[in-house]
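Undergrad: could you work out the structure for the sequence below:
(one chain, ligands or ions: 1)
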Amino acid sequence: DLGDYKYYMQKEIFEQPQAIRDTLESRITKNTVLLSAFGYRAKTIFKNTKHIQIIACGTSYNAGLVAKYWLEDIAKIPTNIEVASEYRYRNPIVLDNTLLITISQSGETADTLEALRSIKKRYKNIHTLTICNCAESSLTRESELILLTHAGPEISVASTKAFTTQLVSLALFSVAIGKCHKQVDKQQEASIVDGLNRLSGLIKKTLEQENKIIKLAQSFKDKFNAIFLGRGTMHAIAMEGALKLKEISYIHSEAFPAGELKHGPIALIDKDTPVIAIAPNDQLLDKLKSNLQEVKSRGSQMIVFEDEMSNVLPMKNMTVMSITHNLGRITAPIIFTIPLQLLSYHVALIKGADVDKPRNLAKSVTVE
Ligand code: F6R
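TA: The predicted structure follows:
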């Protein structure tokens, strides 16, 4: 039932505050992450984990890419990530004490499932965890540990609330395994949990800025290309923004780590190619600001989603939109996802696309 919403994608974007509350429910206390959320075997497995390998596709891959930063930063465990369609067809070397993680909304994506099966066949002792939105699915049946995202049914082909609840789940996992490795102290845990508890409210506030994004979307009406920039976890969020825009509005969109611009992609930038940058208030902010200067001199239209604390000074052809105030490394990527979802949704609306059923795409890709 769509209620007052026009499309499922819009409904699902606006369901995120609740979906995140549901995903956190009974998995945290006021200041701790409960290891029990991962099942009774988790503690021993997490303690013995020396390497993490994540496999996933599409949006779920982008969530895993954010988690790679978190896991190495917070839990100090070497983490690799690869798209399942590559991983399954090569002969990857899996080191001893690797925890293999699959991430999937549907739990039925053929590439992800077959990658899991082939590794389990070759490495009999491997431990596996799936982060999945469907309790009754092939991935949950075939994985040793399960953490369900409680996003509720996602109907629109473009994934939105599944992505943000995957990020929340991966944040819980990063803290849980970090505690098992004595890398997360009480104070750090309390501050991350506090951030997670505030997420729903922060997302609500961000959603209230929809009207500003509707205005920004107008300028994409006759664009054929768009470029998304970010650094660190925001590179993964830029990739998610580009994936959303291309799949529902059919505008060719690419994401680059902002530092890579000068190594080639900057050749693409001209006045008809809008550049969307994500500017959190982190240690890379100054570097990102100089990347924006490089873009400016090519005369393209720029949209910068910033943290209020980032103080990006608007330049010619640049719209700066303050999304939020002083966010941490866990909450920031989740919050900066919201304006990108809204932007792609409104661009698709303006272009008259069938938002929930983009051409050539299926909700669950159960074929190779
Ligand atoms: C993008 C999208 C796809 C899926 C991908 C994996 O909006 O929906 O990229 O994320 O096909 O699907 P799951 O997560 O079901 O394994």
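
Undergrad: what is the neighbour count of E208?
TA: 9 (other CB atoms under 10 Å). (Each C-beta comes from the backbone N, C-alpha and C, glycine too.)

Undergrad: how close does it sit to the ligand?
TA: Going from E208 to the ligand by CB to the nearest ligand atom, to the nearest Å gives 24 Å.

Undergrad: which residue packs closest to whichever residue of the chain sits closest to the ligand, ignoring adjacent ones?
TA: Nearest to the ligand, among the residues of the chain, is G58, at 1.9 Å (CB to the nearest ligand atom). If the residues on either side of it in the chain are set aside, G58 comes closest to L243, at 6.7 Å by CB to CB, 6 or more residues apart in numbering.

Undergrad: ditto for K357
TA: Nearest to K357 is V157, by CB to CB, 6+ apart, at 6.0 Å.

Undergrad: got a list of what that neighbour touches?
TA: 247-248, 356-358, 361-363 (CB atoms under 8 Å, 6 or more residues apart in numbering).

Undergrad: pull stretch 48-57 out as PDB, backbone CA atoms only.
TA: The C-alpha trace of stretch 48-57 is given here as PDB (Å, rounded to 0.1, in the frame of the first residue of the first chain):
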ATOM      1  CA  ASN A  48      39.500 -16.200  16.000                       C
ATOM      2  CA  THR A  49      39.000 -14.100  12.900                       C
ATOM      3  CA  LYS A  50      42.200 -12.800  11.400                       C
ATOM      4  CA  HIS A  51      40.900 -11.700   8.000                       C
ATOM      5  CA  ILE A  52      37.600 -10.600   6.600                       C
ATOM      6  CA  GLN A  53      36.400 -11.100   3.100                       C
ATOM      7  CA  ILE A  54      33.200  -9.400   2.000                       C
ATOM      8  CA  ILE A  55      31.400 -10.400  -1.200                       C
ATOM      9  CA  ALA A  56      28.300  -8.700  -2.600                       C
ATOM     10  CA  CYS A  57      26.800  -7.000  -5.700                       C
END
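
Undergrad: which parts of the protein sit against the ligand?
TA: Within the chain, the positions adjacent to the ligand are 57-60, 104-106, 109, 112, 158-159, 243, 247, 364-365 by CB under 6 Å from any ligand atom.

Undergrad: circling back to that earlier point, neighbour-wise, which one of the contacts of V157 leads?
TA: I248 (27 neighbours).

Undergrad: was I right to think that one contacts A348?
TA: Yes. In this structure, I248 is within contact of A348 by CB atoms under 8 Å, at 4.1 Å.

Undergrad: show the contacting residues for G299.
TA: 270-271, 317.

Undergrad: can you check L342 too?
TA: So L342 contacts 13, 207, 210, 213 (CB under 8 Å, 6+ apart).

Undergrad: please redo it, this time with the cut-off set to 10 Å
TA: L342 is in contact with 10, 13-14, 160, 206-207, 209-214, 216-217, 244, counting by CB atoms under 10 Å, 6 or more residues apart in numbering.

Undergrad: would you map the helices across the stretch 1-150 of the chain?
TA: With DSSP state H, counting those that start in this stretch as the criterion, the stretch 1-150 of the chain has helices at 8-14, 16-24, 42-48, 58-70, 84-87, 110-122, 138-142.
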